[in-house]
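> Only the shape, not the letters, is given here:
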């Protein structure tokens, strides 16, 4: 390590029995040295005493690897992921003393659940520690981004869907107090409902029911958070309440969450990604914040923001039936003009920005085409399921990869040893395990509309060996005491309880051929769905050929994928009544390696991919 300290990454001294390993404790902008050695079972007779003898010992010369981590604070792209894994052994071990039990009725069936909410920890030091552990630099990076606007020479142009996180709101308020020109477009939706008084419906003099506008929960919560901010100066309070916020009424959902930093009126940087300005976004579900320090990209975002600020209708009248200002150009037409649907793959070392709503789902089809053209790998997160264009691609086993010697970032020596006819491997990370009941309803609906033959979903594409799938979960139940050098017991895993809809995976990104010299990274606020493409206000970045950005997204994806995949498999085993100790036991012969060298097994493909 850069500090000169040496740390063992082997849990309780046991060997790591797989062909890839992630160290997710590293710090940005540091250099680390890893020493990898073969481990064997300790001989029965050795120089170790009976009481101190380890069960496994390292033998042979080490393989030494030096790694330098990216520094997101100085490069063109700054990428920050939160922990996104509150339901973990580490969080439970650190903060399990603050666990609370609740009776919930989430899907119609009352049940008990436990949470470890960092915001309710009574010890201020522990509360701060828990929030920092969960945020993992994401919240801190956002606050630092806002603080760059130092004075009246700076401007901040913001879009916000959910806007309730006190620290972020106070950071914008502090910017107002510094003289920064802050403008925030936020989601405002609601519905007209019968007005009531003393539980009676109010009627006018003609006996007609009087209706009043009632905001949706997102709008109501945001307004309460805005109103709760106080200022020492009345002038600043007036600016905050009368000149800072712009309501966005006419889109389906104003789902953007980006910030543009301007200096002397010139856009210079953008913060974007999946992170809403809420406690849940930082301390609960997985999220990413992505800074782009590029004036051209910032200008694209500002042009889009300027149009949104006028609150034009989201869709053309022929699509939406809106009675909004008929002379206003709708956002779907504006966005097609700002950035037409792309055709074919992007050129190497380029970056494109796409905004929604759009006139058609052509952009979604383009995403599906990029996925279908993958030669090496796909890594994809889907918080709200997989849309049909993408599902249809995933439902085919993929074409044979071209020669691995071309474009893949691995040594020629290794490349020569790898078969070139292996099919690609696609990783899909879902927020939750799909429901068979919901699948049957969707399939029946598609059939009724004459699209039954084309319909496919998780229950179709999960059968393909090209697809390696994980979904958000915590370990079910609790194990008894474990013998022979393992931990004394597993900790009961609990979420924070801050997320009410999406518990685990909220990121929206896709990587194509992440480990090649020409990776594609698509990331932003949109959920790769018809609604996010044609109806909502959204933004997406498509980055081509930037291996540094790809490395960060790939590492974070695998961190979360491995975390959830291991829990999925363990829980499936328990559901089948298995009492296998394979979850914790070491296999003391070479049989554990066989699946990694069996061409019919997914782990063979993974070993080849990561070689």
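Noted; the coordinates are in hand. Every value quoted in this text rests on a predicted model; they were computed, and no experiment measured them. Numbers count the residues shown, from 1 in each chain.

> How many residues are close by the nearest residue to residue 178 once chain neighbours are set aside?
Distances taken as Cβ to Cβ, 6 or more residues apart in numbering put residue 151 closest to residue 178, at 5.7 Å, once the chain neighbours are dropped. In this view, the C-beta of every residue, glycine as well, is placed from N, C-alpha and C. Using other Cβ atoms under 10 Å, residue 151 has 9 neighbouring residues.

> what's the distance between residue 151 and residue 179?
In this view, residue 151 and residue 179 are 5 Å apart by Cβ to Cβ, to the nearest Å.

> circling back: pretty sure the residue nearest to residue 178 sits in a helix.
No - counting by DSSP: H, G, I helix; E, B strand; the rest coil, one finds residue 151 to be coil, located in no helix.

> so how far is residue 174 from it?
When Cβ to Cβ is the yardstick, residue 151 and residue 174 sit 12 Å from each other.

> And residue 447, by the same measure?
Taking Cβ to Cβ as the criterion, residue 447 is separated from residue 174 by 56 Å.

> Neighbour count: these two, which is higher?
Neighbours of residue 447 and residue 174, each counted by other Cβ under 10 Å, are more numerous for residue 174; the result is 18 against 12.

> List the contacts of the more buried one.
Neighbour list for residue 174: empty [criterion: Cβ atoms under 8 Å, 6 or more residues apart in numbering].

> Any buried residues in the helix or strand where it lies, and which?
Secondary structure assignment for residue 174, by DSSP states H and E: helix 166-177. Residues of helix 166-177 classed as buried by neighbour count (16 or more other Cβ atoms under 10 Å): 167, 168, 169, 171, 172, 173, 174, 175, 176.

> From these, pick the one nearest residue 374.
Each of the buried residues of helix 166-177 was scored against residue 374 by Cβ to Cβ, and residue 168 proved nearest at 36.3 Å.

> so what's the closest residue to the closest one other than its chain neighbours up against?
Among residues not flanking residue 168 along the chain, residue 277 sits closest, at 4.6 Å (Cβ to Cβ, 6+ apart). Residue 277 makes contacts with 160, 162, 163, 164, 165, 168, 169, 257, as judged by Cβ under 8 Å, 6+ apart.

> Buried among these? Make that a PyMOL selection.
Taking 16+ other Cβ under 10 Å as the burial criterion, the selection of buried members of the contacts of residue 277 in PyMOL is written as:
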select buried, resi 160+162+163+164+165+168+169+257
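
> In a markdown table: the contacts of residue 277, plus distance to residue 132 and pLDDT.
Rendered in a markdown table, the data for those read as follows (distance: Cβ to Cβ, whole Å; pLDDT from 0 to 100):
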| residue | distance to residue 132 | pLDDT |
| --- | --- | --- |
| 160 | 23 | 98 |
| 162 | 22 | 97 |
| 163 | 22 | 97 |
| 164 | 20 | 98 |
| 165 | 15 | 98 |
| 168 | 16 | 98 |
| 169 | 19 | 98 |
| 257 | 22 | 98 |
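
> middle-most residue in the protein, spatially?
With the centre of the chain defined as its mean C-alpha position, the nearest residue by Cα atoms, centre = their mean is residue 507, 2.1 Å away.

> wouldn't that one be in contact with residue 288 here?
Yes - taking Cβ atoms under 8 Å as the definition, residue 507 is a contact partner of residue 288 at 5.2 Å.

> Overlap in contacts, the two.
Shared contacts of residue 507 and residue 288, defined by Cβ under 8 Å, 6+ apart, comprise 81, 273, 274, 523.

> most neighbours, which of these?
residue 273 (27 neighbours).

> need the strands for the stretch 101-250 of the chain, in chain order.
Residue ranges of the strands in the stretch 101-250 of the chain, as given by DSSP state E, counting those that start in this stretch, are 111-115, 154-160, 181-187, 190-194, 196-197, 200-201, 211-215, 245-248.

> name the helices or strands packed onto the longest helix seen in the chain?
Using DSSP state H to assign secondary structure, the helix with the most residues in the chain is helix 547-575. Contacts of helix 547-575 with other secondary structure elements, assessed using 3 or more Cβ pairs under 8 Å, 6 or more residues apart in numbering; DSSP states H and E, are made with strand 77-81, strand 377-382, strand 425-430, strand 467-471, strand 509-512, strand 520-524.

> Please work out the angle formed by the directions of that helix and strand 520-524.
On the basis of axes from the mean of the first three to the mean of the last three Cα atoms, to 10 degrees, helix 547-575 is oriented at 70 degrees to strand 520-524.

> And helix 547-575, what's buried?
Buried residues in helix 547-575 (16+ other Cβ under 10 Å): 547, 549-565, 567-568, 570-571, 574.

> Closest one of the buried residues of helix 166-177 to residue 389?
Distance to residue 389 across those (Cβ to Cβ) is lowest for residue 168, with 34.3 Å.

> Run a quick check on that closest one versus residue 144, I expect a contact.
No - the pair residue 168 and residue 144 fails to qualify as a contact (Cβ under 8 Å) at a distance of 11.7 Å.

> Any idea which helix or strand in the protein has the lowest mean pLDDT?
Least confident helix or strand of the chain, by mean pLDDT, DSSP states H and E, is helix 412-417 with a mean of 45.

> where does this protein have low pLDDT?
Applying pLDDT under 70 to the chain picks out residues 1-4, 11-12, 44-54, 106-107, 317-327, 398-422, 477-490, 578-584.

> all helices for the stretch 301-450 of the chain, in order.
Using DSSP state H, counting those that start in this stretch, the helices assigned to the stretch 301-450 of the chain run over residues 317-320, 331-338, 362-372, 388-394, 412-417, 436-448.

> do the same with the stretch 1-150 of the chain
Using DSSP H, counting those that start in this stretch, helices in the stretch 1-150 of the chain cover 89-95, 124-135, 138-147.

> Packing partners of the last one?
Using 3+ Cβ pairs under 8 Å, 6+ apart, the elements in contact with helix 138-147 are strand 77-81, helix 166-177, strand 259-263, strand 266-273, strand 288-292.

> any idea of the angle the last one forms with strand 520-524?
Read it as strand 288-292. With the same axes, to 10 degrees defining the directions, strand 288-292 sits at 110 degrees from strand 520-524.

> ok, residues contacting strand 288-292?
Outside of strand 288-292, the residues within contact range by Cβ under 8 Å, 6+ apart are 72, 76-82, 138, 141-142, 145, 269-275, 298, 351, 507, 509, 523-524, 541, 553, 556.

> and with 6 Å instead?
78-81, 138, 141-142, 270-275, 507, 523 (Cβ atoms under 6 Å, 6 or more residues apart in numbering).

> do the fourth one as well
Taking contacts as Cβ under 6 Å, 6+ apart, the residues outside strand 266-273 that touch it are 145, 258-261, 288-293, 295, 298-299, 301-302, 524.

> Of the residues you listed, select the buried ones using a PyMOL command.
Below is the selection syntax for PyMOL that covers the buried ones among those, with 16+ other Cβ under 10 Å defining burial:
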select buried, resi 145+258+259+260+261+288+289+290+291+292+298+299+301+302+524
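
> about what we covered before: reformat the helices of the stretch 1-150 of the chain as a markdown table; add distance to residue 474.
A markdown table is the format used below for the helices of the stretch 1-150 of the chain (distance: least, Cβ to Cβ, whole Å):
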| stretch | distance to residue 474 |
| --- | --- |
| helix 89-95 | 9 |
| helix 124-135 | 15 |
| helix 138-147 | 21 |
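
> Out of these, which is the most enclosed?
The highest mean neighbour count among those belongs to helix 138-147 (a mean of 19), with neighbours defined as mean count of other Cβ atoms under 10 Å.

> Quick one: work out the angle between that one and strand 266-273.
Using the same axes, to 10 degrees, the inter-axis angle of helix 138-147 relative to strand 266-273 is 160 degrees.

> which ones are touching residue 498?
By Cβ under 6 Å, 6+ apart, residue 498 lies in contact with 279, 280, 283, 284.

> Ok, residue 246 next?
Contact analysis of residue 246 by Cβ under 6 Å, 6+ apart lists 185, 309.

> That's all I had, so thanks and see you.
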